[in-house]
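Undergrad: Build me a model from this:
(chains A and B)
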Amino acid sequence: MTRQLAFLFLLAAAACTEQVTAPGSCPNFCPTDSINIRDTIFTTIIERDSSFRGYVPSDGGEAMSVADLPGIVDSRAFFVLAKAATRVTVKTGDTTTTPIIPDSVRFRLSIVRRDTLATNLRIRVYHVPITADSTSTFASLDAAFNGPVVDSVNVSGLLASPAFIDTVQADSLERRFYGDTTYRDGGGHILAVRDSGRILDLYFHLDTLQAPVVEADSGQLGFGVRVAADSLASIALGTNEAGRPPFLQRFFHHTIPDTVSTQPDSVVSGNQTQTPLFDSFVFDPPSPALDSNLAVGGAPAARALLRVAMPAFLHDSIDVVRATLILVPVSAVQGAPSDSFRVLARPVLADLGAKSPLGTNSTLYGSTAIHIGASDTLNIEITNLVRAWSLDTTMATAFIIGQVPEATSYTEIRFYSSRAPAFRPGLHVTYVKRFRFGKP
Amino acid sequence: MTLRLAVLTLATVAAVWPSGRLAAQDSQFGIRGLGTPGKLESVRARTTGGAFAPFDAFSPLTDAVLADVRRMSASFTSGASWRSVDASGVQSSLHGTRFPAMVIAGPVTRRIVVGGGFSTYLDRSFGVVIQDTIDLRGVQQPITDAITSDGAIADLRIAVAARLHRRLALGLGLHRITGSTRVNATRTFADTANYRTSTARDEVAYGATGGSASLLFDVTSDLRLAGWFRTDSRLRADVGGHTVAENDLPLTYGTGLQWRAGAQASVAGSLTWRNWGAVQSIANAHDTFNWSVGAEIGSPASPFRFGLRGGQLPFGVGKTPTEVGYSAGLGRQFSGGRGRLDIGLERLQRSGTGLNERVWTFLLGLTVRP
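TA: Residues are numbered from 1 along each chain as shown, chains lettered A, B, ... in the order given. The predicted structure is shown next:
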């Protein structure tokens, strides 16, 4: 009997599985209440919105914008290289130095953004004063940028020339995997295509006149860069902040005046590198002054702070399934198509106005691309952010919209603010009403 | 030793088993109502179509029959069901295991017996999945809704039965109707890039009180008549400490007749009425009438039972849904009559406007008298 009893209990235990869910035959055999969804555009809950400029200066950006778009902008990059040794110690333990004798210079610029449809894209390098700094303006540097050209190169021409394939890395069909494709011209310019073609490293071969060693300047040099093209003349150069700054490598030699050792008056070769102490760009016309609209972008970077007056019912009786921020641009952003950029909406940890600390939880961010020439209404999905606000009433219901990356371009977009009733920012929220559990 | 082990197992399972499994038998007919009424029957009674319930001390239907308990005893009922549902042509197969009743009773004096236990009053375990396409922001958006409820409303009973006369027993019961359901409503969107899944979860707690009274009259030594009545307060549904609904519960009354045709045969029949139509908050609630007939044949140590039942279900659109059932089973005593094992098989067919259900249920019951 014990065995039979155990068997029956085992049988009962084995049958302890559940499947109670079936396709609903509604409304007759479904719960009385149903999942109710609502879609509402809140036109007035964004309020006390403002813009502030100065978050990132043009010398702090991850790129330097260089453009020549007639009627739109003329943007020029410039940088001042760090000091370099003009003399070297000839003997260890001896304070005697001897001047270096420059031989040649290899100079690199990294083009981190360009318009691939640009034709006859030329880059021109100028000398700028080593005193150039963050206070320099387009006007103050204009003379330097209209002075003698140190060197120029036709990037389109280089790209159209036969390529040199890194045969170690490329396959038998000369398809490039991780190796670089290089191009060169008769002027000593070398163009290396990096990162699957997104980045171009452009090398110049400069002589001692183009890159002189001025002992009074402690070897410092200042360069400026302009661009020209048949159309779409807009590029961005890498900076210190992006890890791809302009880079100068100087090759030199010096003579050791040795009178006692077995190494009489020998010639020693060497080289040294210089990277920028400071890199920036100036453009004309400059970013316009802030007005009643919401400005995002430009240099120095502007951000918009928007505050949301969350209705109580959005906090406690609904489940937000989608939330879209609606912004109406004042006008289309002008520039070359490659100047398109992203804007990012980030929550603030506390609403302290312009100095509100930004949240770092990237899952709450919302972003969208701003396309040059497009004036359509802008939608930014901020579902996770609004859901977080809905669940946590202690969160500051405000967010900041900024350009990504900031202060790398002259481009700036302006949206209508809450002060423009017909075009003010809105929040489009799709939400599910609380299910009425407990009712038959 | 075996008996003690069985009692211990019984008590442990009863103590720790989650309330969501104290359900009787789910039905899609109960989704749009208060639930599916449980069957207040032991395996013995259920395999006779329910006809023996008024005369079976281990069926929690009536209290007076507890007067027949001469020793401390406990009984436990379980059932595994396989259900096929045809909802307007949409077929689905469902299954579940339930523990619908437990009764413990014992005499306190020669004439008075006290008992108690639990049974399922209303089963509220169900799940529905609804697929649809809705217009959202001007775009047709496919969605899937899943609404589930897991739990039941249990009837905790404490009862006393007294033998007033050699032929007459009276029973009174106090009922606490309590239970909870874990409920979940989820909407998922086909466009997961833009829409987040919405999930609402809660727990609904139910509560009510009730009282019951019953009489058992032995017309002759072979003929026994039973009658019972029960009333309950309104059923309160609370979510998060707030009452969200209050619903009337029905009056229940019924009668049964049992005839002992010799030492190895018994026949019984019963009728039950419940005025579920009084639940005014539910549009399609109906009064119900249920009948059953059944027989038990063979020695009391190992009888064979069979029965037939019919009647109505309280919730359903249009005409009152009906239920017909056939059942049969065996009993077997062991340990010198200190324990009894009952098994049974039940077939139910439920029909209503737009819905048909067919259910097979395997029943297992254990009764011990330590």
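
Undergrad: beta partners for the residue in chain A that chain B sits nearest to?
TA: Residue nearest to chain B within chain A (CB to the nearest CB): A:Thr21, separated by 3.0 Å. Placement of C-beta: from N, CA and C, glycine included. Residues in a beta bridge with A:Thr21, per DSSP bridges, are B:Gly127.

Undergrad: Now for it, how many residues are close by?
TA: A:Thr21 has 16 neighbouring residues, counting by other CB atoms under 10 Å in any protein chain shown.

Undergrad: what's the answer for A:His205, then?
TA: For A:His205, the neighbour count with other CB under 10 Å is 16.

Undergrad: same check, this time on the one 4 residues further on
TA: By the other CB under 10 Å criterion, the neighbourhood of A:Leu209 contains 8 residues.

Undergrad: would it count as being in a strand?
TA: No - remark: A:Leu209 does not belong to a strand; assigned using DSSP: H, G, I helix; E, B strand; the rest coil, it is coil.

Undergrad: I'd assumed B:Ala146 was in contact with the residue of chain A closest to chain B.
TA: Yes - counting by CB atoms under 8 Å, A:Thr21 touches B:Ala146, with 7.2 Å between them.

Undergrad: Tell me the residues that contact both of these two, please.
TA: The contact sets of A:Thr21 and B:Ala146 overlap at B:Gly127, B:Val128, B:Val129 (CB atoms under 8 Å, 6 or more residues apart in numbering or on different chains).

Undergrad: where in the chain is pLDDT low?
TA: Using chain A here. In the predicted model of chain A, residues A:1-17, A:165-180, A:195-196, A:258-265 satisfy pLDDT under 70.

Undergrad: The chain in question should be chain B.
TA: Short version for chain B, where the test is pLDDT under 70: B:1-25.

Undergrad: top strand in it by residue count?
TA: Longest strand in chain B, counting residues (DSSP state E): strand B:139-163.

Undergrad: rewinding a little: separation between the residue of chain A closest to chain B and B:Phe99?
TA: 21 Å (CB to CB, to the nearest Å).

Undergrad: neighbours of B:Leu215, just the number please.
TA: There are 18 residues near B:Leu215, going by other CB under 10 Å.

Undergrad: repeat for B:His286
TA: The burial count for B:His286: 22, using other CB under 10 Å.

Undergrad: That one contacts B:Gly316, correct?
TA: Yes - counting by CB under 8 Å, B:Gly316 is a contact partner of B:His286 at 7.2 Å.

Undergrad: residue farthest from the centroid of chain B?
TA: B:Gly138 (48.2 Å; CA atoms, centre = their mean).

Undergrad: Look up phi and psi at it.
TA: phi 80, psi 10 (degrees, to the nearest 10).

Undergrad: Return the residues in contact with it.
TA: Here B:Gly138 is in contact with no residues (criterion: CB under 8 Å, 6+ apart).

Undergrad: Roughly how far does it sit from A:Thr430?
TA: When distance is defined by CB to CB, B:Gly138 is 12 Å away from A:Thr430.

Undergrad: do B:Thr48 as well
TA: Distance from B:Thr48 to A:Thr430, by CB to CB: 56 Å.

Undergrad: more crowded one of the two?
TA: B:Thr48 (33 against 23).

Undergrad: picking that back up, from the chain's centroid, how far away is the helix or strand following the longest strand of chain B?
TA: Remark: after strand B:139-163, the chain's next helix or strand is strand B:168-189, criterion DSSP states H and E. In this view, strand B:168-189 has its centroid 11 Å away from the chain centroid, taken as CA atoms, centre = their mean, to the nearest Å.

Undergrad: for stretch B:39-49, same thing?
TA: On CA atoms, centre = their mean, the centre of stretch B:39-49 falls 10 Å from that of its chain.

Undergrad: in the sheet, who's paired with B:Ile112?
TA: Beta bridges link B:Ile112 to B:Ala162, judged by DSSP bridges.

Undergrad: Which of the shared contacts of A:Thr21 and B:Ala146 are buried? Put it as a PyMOL command.
TA: Selection of buried members from the shared contacts of A:Thr21 and B:Ala146 for PyMOL, criterion 16 or more other CB atoms under 10 Å in any protein chain shown:
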select buried, chain B and resi 127+128
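
Undergrad: now, among the shared contacts of A:Thr21 and B:Ala146, which is nearest to B:Val279?
TA: B:Val279 lies nearest to B:Val128 out of those, by CB to CB, at 21.1 Å.

Undergrad: show me the contacts for that closest one.
TA: The neighbours of B:Val128, taking CB under 8 Å, 6+ apart as the test, are A:21-24, A:26, A:29-31, B:31, B:145-148.

Undergrad: nearest to B:Thr255, of those residues?
TA: Closest approach to B:Thr255 among the contacts of B:Val128 (CB to CB): B:Ile31, at 31.2 Å.
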